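>>> what would the 3D arrangement of this be:
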Amino acid sequence: MRKQEFLDALRKKLSGLPKLDVEERLAFYGESIDDRVEEGCTEEDAVATLGSVEEIAAEILGEIPLFKLAKERIRPKRRMRAWEIVFLSLGAPIWLSLAVAAIAVILSLYVSLWSVVVSLWSVFAALVACALSGAFVCVGLAATGSGATGLAMLAAGLVCAGLAIFLFFGCLAATKGAVWLAKKILLGMKLCFLGKEET
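Numbering: from 1, shown residues only. Below is the predicted model:
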């Protein structure tokens, strides 16, 4: 792919973003390609080193704040007609309550996801505490002459320690998964505000 083809494809992928941001990014990648060409690369090689257009567009979209996209997208392109204002006003009890309900459901699902992650970490902390207390109680019972009970407490502490080790990796995976999902949700919300440019 040559420079102009790359820039055109990138412009198409970024359509709907604020025009100033699109122009800045295109200028940046155009200069990057020019710099590599001056170093002796061909245009095709210079474009290939940048990566795919989809990856670059996703990275750029990830960097732009959501409020900026919403502000750009919600900005009215024309004045509303009187009948549109009347229909919006009359329909507000319905569409506003549905919008609030949808936001509440989405927010509750998101909070529930993170509460599961926090609960897993709490269970991990409880298992670690049980393992440590089992070791301390074992020493205390052994010192008072209750060796069999102390040994049982040590065994229980070791079981808790083993479960804590396994749960640690599960908690780590759950946390990474929740962060990944949160990023995907944010990217999806940004894509909702991203529309095709009107020509």
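
>>> what part of the chain, helix or strand, is modelled with the least confidence?
helix 66-74 (a mean of 64; mean pLDDT, DSSP states H and E).

>>> measure the residue lying farthest from the centre of the chain to residue 158 for me?
Each residue of the chain has a distance to the centre, and by C-alpha atoms, centre = their mean the biggest one is for residue 145: 55.6 Å. According to C-beta to C-beta, to the nearest Å, residue 145 and residue 158 sit 22 Å apart. Backbone N, C-alpha and C define where each C-beta goes, glycine included.

>>> and for residue 96?
58 Å.

>>> same check on residue 141?
15 Å.

>>> next, the residue farthest from the centre of the chain: phi, psi?
Here is the backbone geometry of residue 145 (degrees, to the nearest 10): phi 100, psi 10.

>>> which of the residues in stretch 146-153 are buried?
Residues of stretch 146-153 classed as buried by neighbour count (16 or more other C-beta atoms under 10 Å): 150, 153.

>>> and residue 96 and residue 158? Which one has more around it.
The neighbour comparison of residue 96 against residue 158 (other C-beta atoms under 10 Å) goes to residue 158, with 14 against 11.

>>> which residues does that one contact?
Residues in contact with residue 158 (C-beta atoms under 8 Å, 6 or more residues apart in numbering) are 131, 134.

>>> look up phi and psi at it.
Residue torsions, per degrees, to the nearest 10, at residue 158 are phi -70, psi -40.
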